[in-house]
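Asks: Provided below are the primary sequence and the corresponding predicted coordinates.
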Amino acid sequence: MKIATWNVNSIKVRLNPVLDWINNHQPAVLCLQELKCEEANFPLGAFTAVGYHALIAGQKAYNGVALLSQKPGSDPLIGIPGFDDPQQRVIAATFDEIRVISVYCPNGESITSDKYNYKLRWFTAFRDYLEEALSRYPRLIVAGDYNIAPEDRDVYDPVAWKGQVLCSDAERAAFGRLLQLGLKDTFRLFEQAEQSYSWWHYRVNAFKRGMGLRIDHILASDCQAALCTACAIDKTPRALERPSDHAPVFAEFSGSLRPSS
DNA sequence: ATGTCTCCTAAGAGGAGA
């Protein structure tokens, strides 16, 4: 069973690459971020035509997250309860016993920006939300764009990026507090190539020059992580014409979802 | 190195966000 995440930077622009990727990988659940469209404008028909269900938290122009799935999800929840935020960044649903959250964490812009303060406040609320989710759903997968490179090995030039947004100590501490809840970064459960990244800037030919960061992650609760058999980044869509700046990340878990009755 | 991409407003470029 494959669970995947992809920040598509506009679902309208990236519809065909996403459909191709679904066709090639057949994920049980694909978490999307940065839809950049309202729910009414989401290309739902293109996904239902290939047999997928969709739960969408849309917003005009910015943000927006979705859960595409082979089976319908139950108990959908949009946003972080108790954290009032017009920015659509979180959507959750249950697929059999597995709770899956698609998340688009704030970027922060720079460590001197007001958006950086919002990012840190947001992560405090998100940590509390995940603590509650873990108590209700022991089998939890949290997949998305975290906008944090957890360690120096997740950064092509850690010296240049030291202390910068996406890499600052405060952000890494916030990410660490998610792991302290009992979540595992599934990518690091397995041997990986050095210089494995999930995002490359559009500018300066960053992808071809290997100038990337690993900021898209699939976290899993301990009992769910124990079922994880692989995690990988698929760089191939990043090399296509007119790509998203992010590559999809996917994890394999043993045991399929319960068959439909 | 203000280097690229996407979407918005509003009627042509410019700003926001990443």
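Replies: Arrived safely, thanks for sending. Remember, it's a predicted structure, so these values are computed and weren't measured experimentally.
Asks: make it CA atoms for all contacts and neighbour counts henceforth
Replies: OK.
Asks: The closest residue to A:Pro76 other than its chain neighbours in helix, strand or coil?
Replies: Among residues not flanking A:Pro76 along the chain, A:Ala93 sits closest, at 4.3 Å (CA to CA, 6 or more residues apart in numbering). Secondary structure, DSSP: H, G, I helix; E, B strand; the rest coil: A:Ala93 is strand.
Asks: Run through who's touching the strand or helix carrying A:Asn16.
Replies: Using DSSP states H and E, the element containing A:Asn16 is helix A:15-25. Contact partners of helix A:15-25, identified using CA atoms under 8 Å, 6 or more residues apart in numbering, comprise A:2, A:43, A:46-47, A:237.
Asks: In PyMOL, how would I select the buried members of these?
Replies: The PyMOL selection below is limited to those of the contacts of helix A:15-25 classed as buried (16 or more other CA atoms under 10 Å):
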select buried, chain A and resi 2+47+237
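Asks: Could you list which of the contacts of helix A:15-25 belong to strands?
Replies: Applying DSSP state E to the contacts of helix A:15-25, the entries found in strands are A:Lys2.
Asks: Out of the contacts of helix A:15-25, give me the two with the largest separation.
Replies: A:Lys2 and A:Pro43 (22.5 Å; CA to CA).
Asks: hmm, stretch A:245-253 touching DNA strand B?
Replies: No. Stretch A:245-253 does not reach DNA strand B (CA under 7 Å from any atom of the strand); its nearest approach is 7.6 Å.
Asks: Show me what that stretch is in contact with.
Replies: A:1-9, A:186-187, A:198-202, A:216-218, A:224, A:227-238.
Asks: Where does the stretch 1-150 of chain A get nearest to DNA strand B, which residue?
Replies: Among the residues of the stretch 1-150 of chain A, A:Ala61 lies closest to DNA strand B, at 3.6 Å counting by CA to the nearest atom of the strand.
Asks: A:Asp75 should be in a helix, yeah?
Replies: No. Using three-state DSSP, the assignment for A:Asp75 is strand, not a helix.
Asks: So it sits against A:Ala93, correct?
Replies: Yes. The pair A:Asp75 and A:Ala93 qualifies as a contact (CA atoms under 8 Å) at a distance of 5.5 Å.
Asks: Give me the more crowded residue out of the two.
Replies: A:Ala93 (19 against 9; other CA atoms under 10 Å).
Asks: what are the ranges of the strands in the stretch 1-150 of chain A?
Replies: A:2-7, A:29-33, A:53-57, A:65-69, A:74-78, A:90-95, A:98-104, A:140-145 (DSSP state E, counting those that start in this stretch).
Asks: counting contacts, what elements does the second one pack onto?
Replies: Applying 3 or more CA pairs under 8 Å, 6 or more residues apart in numbering; DSSP states H and E, we find strand A:29-33 packed against strand A:2-7, strand A:65-69, strand A:98-104, strand A:140-145.
Asks: looking at it, A:Cys105 is touching A:Leu166, isn't it?
Replies: No. If you go by CA under 8 Å, A:Cys105 and A:Leu166 don't touch, sitting 10.8 Å apart.
Asks: Now render the strands of the stretch 1-150 of chain A as a markdown table, adding mean pLDDT and distance to DNA strand B.
Replies: Compiled in a markdown table, the strands of the stretch 1-150 of chain A are given as follows (pLDDT from 0 to 100; distance: least, CA to the nearest atom of the strand, whole Å):
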| stretch | mean pLDDT | distance to DNA strand B |
| --- | --- | --- |
| strand A:2-7 | 98 | 9 |
| strand A:29-33 | 98 | 10 |
| strand A:53-57 | 98 | 15 |
| strand A:65-69 | 98 | 13 |
| strand A:74-78 | 98 | 18 |
| strand A:90-95 | 98 | 14 |
| strand A:98-104 | 98 | 9 |
| strand A:140-145 | 98 | 9 |
